[in-house]
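1. Here's a sequence, model it:
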Amino acid sequence: MKISKVLILLSFILGIYANNCTDINLIPNDERCNYIKSNYSCFDIYSKLYYCNINSVLPFSIYLIVQFITLGIISSEYLCPNLYVISKNYLKINDNMTGITLLAFGNSSPDIFSSYESIRQNHLNLAISELVGASLFITTVVIGSIAILKSFHITKNLFFRDMIMYITIIALLIFTILLKQLSWFICLGLIGLYITYVSIVVYSHNLQKRRLVELIRDQRSRSNYLDVGHLVINNEYNDDLMNLPTIDDIDLHDDPDNLKNDVSSFGIKMLLKELQRHSNLGRIQLPEEEIEEESIEIPDAKSQELFYLIFPQFYKFNKLSKWDKCYNIITSPIVTILNLTTPVIDETKLSQVIQDSKSTNSILNYENEKKLLLIQTGLGGLLLLSTFSIFINILITFVLVGLIFTFYPNLNSTQFQSRIKYVTYFQSIMGFLLSIKWIALIANEIVSLLQLISSIFNINDDLLGITIFALGNSIGDFISNVTIAYKFNMPLIAFSACFGGPLMAICSIGASGLLVNLKNNELKVTNTLLISSFGLLTNLTLLMFLIPRNNWSLDRRIGVILIGNYLLICTLCILAEL
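-> Here you go, the predicted structure:
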């Protein structure tokens, strides 16, 4: 009798929970491992490890933080530099278009690929809630922090341009939620809205540049004895140009090693180099950085060069601050793995290669560069072609390594100038593809880890998306924008940067939706999703009301209100789940 009751109970449990893995919390603790073993297709490796081996959430939480850090490093240090070189030097796309398309894609890649992986794994709610949560965090906490640290005035026309487009896109996203599905026409609508936004930005940017040139020409004609540097330009034009989300005529030739290797966005590093080029004060340094820095000493010169090429995080190590030393040591395994698999060539290195090709004296050690590229081609090729069969994978990788070994020129060779150009093509393109591969893999891991946390604490996708998921992907934006505003006294540029990336990330869900079969991705309307999305819309509307009434100024009072809004919305979302 008891056995039959147990069998009935077991069949009842299996019948209920076979199609809903999150309900594993309702199964007795001592039965969870057996349940997972009997439903292997329903669970990933992390669930199996947690319920059958480790049974502690701490290692998985630490691993999740590491994955978020890795995602930021890849985006900032590998994807964006390669993407910038490809767009500007090979595709000959101007800086304006590059900034609001390709670089915006690079800086938003964590959100874009995370949302794509969520949709691909049938977690549409997690994808949308993450994008809403990230946008909410940036438009409240990030903008609020900037306002608290540095009060500043906002350009009227460009503020309305960005806000109207942002509100329109969020309204379409809310319509998607109420519709309970991400249909193909909404996907096309999101893509169309972003194309419209890019067109408007490019047009307004070029218009302001023409007006500025005409104004300078007019003042020169009236005051021929004045140098251009002494001309007084109307602040309206300066503000308008500063508020644009792109930086023109960027020069990356000076002191590239002066910049920190952290998870801040690629844009801040380009901005600092641009400011250095135009500054009358000489070299611009990040905080706690000195002109003469020492590295970890390696006795042999050749070994030293190769060591720093493979382990760049230890270059000029001794003069780093305690925080930077700690950060570099902690992230050294991540950076080393990425450096051994993913080629990267930025504008500085490309310029040096071009200079060396025209001179007998070279700064770069091409013998070591060749060794590193051979390692990167071998390991990176195996990773990039991992979806193919082992035989095809090894064969193609072997051919690529052989071509690099044969084709890579010696500096004294007469073919150096012609061949090294194609080598840099290969480096940047392969580096870009491998960056995308890494980001996709890590985004998949992050989604799996979040699903485990959701299962352990019985949290739904929506609350998980607007909190942990959104914060993890947005911390780099927070660091970058607050640094620009506070350390370098440029809050207007930081404020502008709070719109371009989130806009592309939200609109990218349209492309993700078209790439994934949407028939299996029904959207569940929950209180958390409604509160967060309408809260975001309300916050944007509040900004449009408060800033004009505050004489087009964003100050500490508004900053406190914005951060208060974020805390209120998050509190309401948590209460809605209780």
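
2. any idea which helix is longest in this protein?
-> If you go by DSSP state H, the chain has its longest helix at helix 416-457.

3. That one - what's its average pLDDT?
-> Per-residue pLDDT over helix 416-457 has a mean of 85.

4. next helix or strand past it?
-> helix 461-464 (DSSP states H and E).

5. Please name every helix or strand in contact with whatever helix or strand comes next after that following helix.
-> Next helix or strand after helix 461-464 toward the C-terminus (DSSP H and E): helix 470-482. Under the contact definition 3 or more C-beta pairs under 8 Å, 6 or more residues apart in numbering; DSSP states H and E, helix 470-482 sits against helix 58-74, helix 109-120, helix 124-137, helix 143-149, helix 491-515. C-beta coordinates here come from the backbone N, C-alpha and C atoms, glycine included.

6. Go again with 6 Å.
-> Helix 470-482 makes packing contacts with helix 124-137 when contacts are defined by 3 or more C-beta pairs under 6 Å, 6 or more residues apart in numbering; DSSP states H and E.

7. same for the helix it packs on, what does it pack against?
-> On a contact count with 3+ C-beta pairs under 6 Å, 6+ apart, helix 124-137 meets helix 109-120, helix 461-464, helix 470-482, helix 491-515, helix 527-549.

8. if we can go back for a sec, just the angle between the longest helix of the chain and helix 109-120, please?
-> Relative orientation of helix 416-457 versus helix 109-120 (axes from the mean of the first three to the mean of the last three C-alpha atoms, to 10 degrees): 50 degrees.

9. Which elements pack onto helix 416-457?
-> For helix 416-457, the packing partners by 3+ C-beta pairs under 6 Å, 6+ apart are helix 45-49, helix 58-74, helix 80-85, helix 109-120, helix 347-357, helix 366-384.

10. Now render the ones you listed as CSV, adding distance to L568, mean pLDDT and mean neighbour count.
-> Below are the helices and strands packed on helix 416-457 laid out as CSV (distance: least, C-beta to C-beta, whole Å; pLDDT from 0 to 100; neighbours: other C-beta atoms under 10 Å):
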stretch, distance to L568, mean pLDDT, mean neighbour count
helix 45-49, 33, 82, 16
helix 58-74, 25, 89, 18
helix 80-85, 35, 81, 26
helix 109-120, 23, 84, 27
helix 347-357, 44, 69, 17
helix 366-384, 44, 86, 18
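
11. among those, which is nearest N481?
-> The closest of these to N481 is helix 58-74. By C-beta to C-beta, the value is 13.9 Å.

12. starting at the chain centroid, how far to that closest one?
-> For helix 58-74, the separation from the chain centroid amounts to 14 Å (computed by C-alpha atoms, centre = their mean, to the nearest Å).

13. what sits up against that helix?
-> With contact meaning C-beta atoms under 6 Å, 6 or more residues apart in numbering, helix 58-74 is reached by P110, V263, I334, S435, W438, I439, I442, E445, I446, L449, G472, G476.

14. so which of those comes closest to K370?
-> S435 (21.4 Å).

15. quick one, what contacts S114?
-> By C-beta under 6 Å, 6+ apart, the residues touching S114 are A443.

16. separation between it and T467?
-> 14 Å (C-beta to C-beta, to the nearest Å).

17. just Y486 next, same as before
-> In terms of C-beta to C-beta, Y486 sits 25 Å off from T467.

18. which SS state does the closest residue to L530 other than its chain neighbours fall under?
-> Nearest residue to L530, sequence neighbours excluded (C-beta to C-beta, 6 or more residues apart in numbering): I177, at 6.9 Å. Classification of I177 by DSSP: H, G, I helix; E, B strand; the rest coil places it in helix.

19. I177: how many residues sit nearby?
-> Applying other C-beta atoms under 10 Å, we find 22 residues neighbouring I177.

20. Also I27?
-> The local packing of I27 (other C-beta under 10 Å) involves 18 other residues.

21. Confirm for me that it is in contact with I36.
-> No. Using C-beta atoms under 6 Å, I27 is not in contact with I36; the gap is 9.4 Å.

22. quick one: average pLDDT of stretch 502-509?
-> Average pLDDT, stretch 502-509: 88.

23. Pull the CA coordinates from that stretch and hand them back as PDB.
-> What follows is stretch 502-509, C-alpha atoms only, in PDB (Å, rounded to 0.1, in the frame of the first residue of the first chain):
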ATOM      1  CA  PRO A 502      20.400  51.900 -24.600                       C
ATOM      2  CA  LEU A 503      18.500  52.900 -27.700                       C
ATOM      3  CA  MET A 504      20.500  50.500 -29.900                       C
ATOM      4  CA  ALA A 505      20.200  47.700 -27.300                       C
ATOM      5  CA  ILE A 506      16.400  48.000 -27.100                       C
ATOM      6  CA  CYS A 507      16.000  48.200 -30.900                       C
ATOM      7  CA  SER A 508      18.300  45.200 -31.300                       C
ATOM      8  CA  ILE A 509      15.600  43.000 -29.900                       C
END
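
24. which residues sit against it?
-> Around stretch 502-509, the neighbours that count as contacts under C-beta under 6 Å, 6+ apart are A104, S108, D111, I112, S115, L131, S135, I138, I169, L190, Y194.

25. Can you mark which positions in whichever helix or strand the last one is part of are buried?
-> The one in question is Y194. Using DSSP H and E, Y194 maps to helix 184-222. Within helix 184-222, the residues that qualify as buried are 186-187, 189-191, 193-194, 197-198, 201-202, 204-205, 208-209, 212, 219, counting by 16 or more other C-beta atoms under 10 Å.

26. do the same with stretch 415-430
-> For stretch 415-430, by 16+ other C-beta under 10 Å, it's F416, R419, I420, V423, T424, F426, Q427, S428, I429, M430.

27. how far away is the third one from S413?
-> With distances defined as C-beta to C-beta, the gap from I420 to S413 amounts to 9 Å.

28. L309 is in contact with E367, isn't it?
-> No. Using C-beta under 6 Å as the test, L309 is too far from E367 to be in contact (10.6 Å).

29. I167: what's it in contact with?
-> Contacts here follow C-beta under 6 Å, 6+ apart; on that basis I167 touches L540.

30. coming back round to it: and of the buried residues of stretch 415-430, the nearest to S480?
-> Once C-beta to C-beta is applied, the member of the buried residues of stretch 415-430 that ends up nearest S480 is S428, at 23.3 Å.

31. Could I get the contacting residues of that closest one?
-> Contacts for S428 (C-beta under 6 Å, 6+ apart) come out as N82, V85, I86, I345.
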